[in-house]
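Trainee: got a predicted model here, sequence first, then my questions.
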Amino acid sequence: MENKFKGAVFFDYDGTLTYKNTGLFLPSAETVGAIKSLRQNGYAACLSTGRSYSYVPDCGIEFDIMLTDNGGCIVYNDKILGEKPFDKKTIKLLTDYFTEHNMIYVLESSHICFVNLPDDTLFNKMIALFNVSPESFTPVEKYNGENIYKLMLIYRNPSDFEPFKNKFSDIADITMPSGDVTSCDINPKGVSKADGVFDVCKYFNIDIKDTYAIGDGENDYTMLKAAGHGIAMKVHHQSLDSVAEYITGPADGDGIRQALLHYGLID
């Protein structure tokens, strides 16, 4: 257990540090500067994203801790600090269903992601929405039993989602990313971004009251609820209204700096 931070701020990535709807694929200079000041003031800057570690871009921010795959894998100093992978039986149940229903899926490990239909137009259109390179993915045939922390499902019609969710919600947690997209995140049952908040607090001896979580999507709900202070971006999933004590400005404005100033974390 370490004790080196006054507190910790957990930042979602897509829709929080960036905003694809206006073409902001990397954090603004204002956001980068605000987080730099936060770290200089003794607070841990924690990325808490649904993305795999393998396709988090170099965005100009030096994060102290990276919580990837919605809390499934925690990386500190380029090493895995904690992990909560899928069991292989559940992966097979899910992927068999996806294959049967002609769905696109991605198996996400820490440093490599496996996709079943890498040449599918819908897959490439989806990752382009988030400015992610196809080079971040490899064909699923090369999967060799690596720990998988999250699955990303891309379905072809909105009507495909509810039957899938109803069938598997008892063995997996299924959440929607920000924005109007036909995809969802799938984590082992009970694993969420809240796990990352609690694990970081335990490892670094941080009091939960000194934690702040900033997000916009449904998969940020548990994180905002777990943290001492939950903050939602101006554009956010309606579920966050019940757990956010503060609504900050937009991601493509100065929302991050505004939030950190509001709580006195930066000057």
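Mentor: Structure received.
Trainee: any idea which helix or strand comes after the strand or helix carrying A44?
Mentor: Taking DSSP states H and E as the criterion, the element that holds A44 is strand 43-48. Following strand 43-48 in sequence order, the next helix or strand is strand 65-68 (DSSP H and E).
Trainee: give me the contacts around that next one.
Mentor: Residues outside strand 65-68 that contact it (Cβ atoms under 8 Å, 6 or more residues apart in numbering): 8, 10, 44-49, 51-53, 56, 73-76, 81, 110, 149, 193, 196, 200. Quick note: C-beta positions are derived from backbone N, CA and C, even for glycine.
Trainee: repeat that for stretch 148-159.
Mentor: Surrounding stretch 148-159, the residues in contact under the criterion Cβ under 8 Å, 6+ apart are 50, 52, 68-70, 72-73, 83-86, 91, 94-95, 98, 102-110, 122-123, 126, 161, 164, 182-187.
Trainee: in strands, which of the residues you listed appear?
Mentor: Using DSSP state E, the subset of the contacts of stretch 148-159 located in strands is 68, 73, 83, 104-108, 183-187.
Trainee: any low-confidence regions in the stretch 1-150 of the chain?
Mentor: For the stretch 1-150 of the chain, applying pLDDT under 70 flags the ranges 1-3.
Trainee: derive a ChimeraX selection command for the buried subset of the contacts of stretch 148-159.
Mentor: Per 16 or more other Cβ atoms under 10 Å, the buried members of those correspond to this ChimeraX selection:
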select :50,52,68,69,70,72,73,83,84,85,86,91,94,95,98,103,104,105,106,107,108,109,110,123,126,161,164,182,183,184,185,186,187
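Trainee: list the buried residues of stretch 200-215.
Mentor: 200-201, 204, 206, 210-215.
Trainee: the closest residue to D210 other than its chain neighbours: what's it in contact with?
Mentor: Taking Cβ to Cβ, 6 or more residues apart in numbering as the measure, D210 lies nearest to G7, with 3.3 Å between them; neighbours along the chain are not counted. With contacts taken as Cβ under 8 Å, 6+ apart, G7 has the following neighbours: 42-44, 206-207, 210-212, 265.
Trainee: try it again with 10 Å
Mentor: Shown here is G7, whose contacts under the criterion Cβ atoms under 10 Å, 6 or more residues apart in numbering are 38, 41-44, 201, 204, 206-212, 228-229, 263, 265.
Trainee: now, which of those lie within strands?
Mentor: Per DSSP E, the contacts of G7 map to strands at 43-44, 211-212, 229.
Trainee: check those and tell me the two furthest apart.
Mentor: With distances taken as Cβ to Cβ, the most widely separated pair in these is A44 and H229, at 14.4 Å.
Trainee: can you give me the helices for the stretch 151-267 of the chain?
Mentor: 161-168, 193-204, 221-226, 255-262 (DSSP state H, counting those that start in this stretch).
Trainee: now those helices as JSON lines including mean pLDDT and distance to V243?
Mentor: As requested, the helices of the stretch 151-267 of the chain are exported to JSON lines (pLDDT from 0 to 100; distance: least, Cβ to Cβ, whole Å):
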{"stretch": "helix 161-168", "mean pLDDT": "94", "distance to V243": "21"}
{"stretch": "helix 193-204", "mean pLDDT": "93", "distance to V243": "11"}
{"stretch": "helix 221-226", "mean pLDDT": "97", "distance to V243": "4"}
{"stretch": "helix 255-262", "mean pLDDT": "98", "distance to V243": "15"}
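Trainee: dump these into CSV; add distance to T18 as well.
Mentor: CSV is the format used below for the helices of the stretch 151-267 of the chain (distance: least, Cβ to Cβ, whole Å):
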stretch, distance to T18
helix 161-168, 24
helix 193-204, 17
helix 221-226, 17
helix 255-262, 11
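Trainee: just name the most buried of those helices.
Mentor: helix 221-226 (a mean of 24; mean count of other Cβ atoms under 10 Å).
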